[in-house]
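>>> I would like to see how this sequence folds:
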Amino acid sequence: MNTLRITNARILTMEAPWPLGRIIPSGEVVIEGGIIRRISESPPQRANQAENIPTLDARGRVLMPAFIDAHTHALWAGDRLDEWDMKRRGVSYLEILHAGGGIMSTVRAVRAASDHDLAANLRHRLHSMLAEGTTTIEVKSGYGLSTLHELRMLRAIRDASTDFPGTLVPTALIAHAIDPDVPAERFIRTTIEETLPAVHDEFPGITIDAYCEQGAWPLEACIRLFERARSLGHPFRVHTDQFNSMGMTEWAMSHGALSLDHLEASSAETLRAIASTSSYAVLLPCTGFNTDGRYVNARTIIDAAGAERLVIATNLNPGSAPCASMPMAIALAVRMNHLTPQEAIAACTRNPAALLGLHDRGVIATGKRADLVLLRNTDERLLAYEFGGNPVDLTIVNGFPHESRP
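Presented below is the predicted three-dimensional model:
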């Protein structure tokens, strides 16, 4: 059984009170069998030596729950470098999408890739994320746009999870775009009547997702998909209000959506309303940084008492957010979404754990899974203050340490 003691650490427990919970300025955590067995003030060194347990001296560095990235499109093939050149010349994301680029260019690459290559691409990205402290990763399908290829993507996520030390949470984003080679109504009907039942048969209970936006799935079609998915026992999430507010946010929050993701085009009134529902607001600041410079004012949600349902994620994807770094997302969220460093840390640990239904992580508490990160800093605010580097010295996954630095 894997056993480890970490001593002399500044421990962010992340339990109540929100946001960081009880902070232990100099404490120790004992891990046995991948589970946190004891948390205490650091005892005298003589007592440490009395137990024959491998011990890591944190030397005052911050020990906190590992990052949970609750919104990614980490499985894809190909790249969009040519489209990036177009964007730098002033072509908008929606213009590229309308011209058959964007999501569709990645769809073509995914369809052409072998099953082996799809899973290998995902594994490579997962280990890069692990090195920066992310141990739990939600991964969406969505670049298949047919029953065959959406199932291939979900199977690739399942295959990659078998040798990844962390946790993958698959999401079936079967309504990511509408294939321009298929009449729109026929494509929507096929997705709802063929793809959704096939996904249900092989992945019962999986979360269903859709991108409600001009040039992607219209409001009425998303509602049809989600109502059918709910009848089959599937929860749902939705990409909503990224560029245009189309009414989906209001419908989704009143019908029990797990999360409302993007929200850059949401009004202050809508953001305040989210705080009174059970839905989580998922903010994706890396997207604003890489597309149009728009960011959700998270203070509107927090001031309406919605702080504990606020989540930050990378939105890792080849087009709008080619960034796998949760530390970078935190740095942007503090600067652009107006979070405090402490609020941003909660939004990528305890809050996304609750969103994903993983109640065994996201906090440092006895009996919880030992997914932790040891920062190279002694002050957690530096996690947001610095940007562009890797602030993680050690990632611990299910009790096993993984060095983040050479």
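>>> What is the distance between the helix or strand encompassing Ile302 and the centre of its chain?
Assessed by DSSP states H and E, Ile302 sits inside helix 298-303. From the chain centre to the centre of helix 298-303 is a distance of 20 Å (Cα atoms, centre = their mean, to the nearest Å).
>>> State the mean pLDDT of that helix.
Helix 298-303 comes out with an average pLDDT of 97.
>>> which helices and strands does the helix or strand following that helix pack with?
Using DSSP H and E, the helix or strand that follows helix 298-303 in sequence is strand 310-312. Applying 3 or more Cβ pairs under 8 Å, 6 or more residues apart in numbering; DSSP states H and E, one finds that strand 310-312 contacts strand 280-283, helix 298-303, helix 326-336, helix 341-346, helix 350-355. (Each C-beta comes from the backbone N, C-alpha and C, glycine too.)
>>> Nearest to Thr7, out of the ones you listed?
Ranking those by proximity to Thr7 (Cβ to Cβ) places helix 341-346 first, at 21.9 Å.
>>> Need the residues that contact the lengthiest helix in the chain.
Determined from DSSP state H, the single longest helix within the chain is helix 115-131. Identification of contacts with helix 115-131 by Cβ atoms under 8 Å, 6 or more residues apart in numbering yields 69, 74-77, 110, 113, 137, 139, 152-153, 155-157, 159-160, 163-166, 168, 316, 324-326, 390, 392, 395, 397, 402, 404.
>>> can you give me the helices for the stretch 101-250 of the chain?
103-112, 115-131, 147-161, 184-190, 196-202, 219-231, 248-254 (DSSP state H, counting those that start in this stretch).
>>> next structured bit after the worst-scoring helix or strand of the chain on mean pLDDT?
Least confident helix or strand of the chain, by mean pLDDT, DSSP states H and E, is helix 45-50 with a mean of 53. Later in the chain than helix 45-50, the nearest helix or strand by DSSP H and E is strand 55-57.
>>> Check the helices and strands packed on strand 310-312 for me and report the most buried one.
Ranked by mean neighbour count under mean count of other Cβ atoms under 10 Å, those are led by strand 280-283, which reaches a mean of 28.
>>> List of residues touching the helix or strand that that strand is followed by?
Tracing the chain past strand 280-283, the next element assigned as helix or strand by DSSP H and E is helix 285-290. In this structure, residues lying in contact with helix 285-290 by Cβ under 8 Å, 6+ apart are 242, 262, 264, 294-295, 312, 314-316, 320-323, 328-329, 332-333, 336-337.
>>> ditto for stretch 298-306
If you take Cβ under 8 Å, 6+ apart as the criterion, stretch 298-306 is touched by 268, 271-272, 274-276, 281, 283, 307, 310, 333, 337-339, 343.
>>> Among the helices of the stretch 101-250 of the chain, which comes closest to Arg10?
helix 115-131 (21.8 Å).
>>> pLDDT (mean, whole number) over that closest one?
Computed over helix 115-131, the average pLDDT equals 96.
>>> ok, now stretch 260-277?
The pLDDT scores in stretch 260-277 average 97.
>>> Quick check: the closest residue to Gly205 other than its chain neighbours vs Leu196, distance?
Once flanking residues are discounted, Gly205 sits nearest to Gly233: 6.0 Å by Cβ to Cβ, 6 or more residues apart in numbering. Using Cβ to Cβ, to the nearest Å, we find Gly233 at a distance of 12 Å from Leu196.
>>> Give the residue from those two that has the larger number of neighbours.
A count of neighbours by other Cβ atoms under 10 Å puts Leu196 above the other of Gly233 and Leu196, at 22 against 10.
>>> What residues does that one make contact with?
Applying Cβ under 8 Å, 6+ apart, the residues near Leu196 are 174, 208, 225, 228-229, 232.
>>> Give me the pLDDT for it.
pLDDT recorded at Leu196 is 98.
>>> tell me the domain ranges of this protein?
Split into domains by automatic domain parsing, the chain comes to 3-65+362-403, 67-355.
>>> Which one of those domains has the poorest average confidence?
Going by mean pLDDT, the lowest-scoring of the domains of the chain is domain 3-65+362-403, which has a mean of 92.
>>> Tally up the residues packed near Ile96, please.
22.
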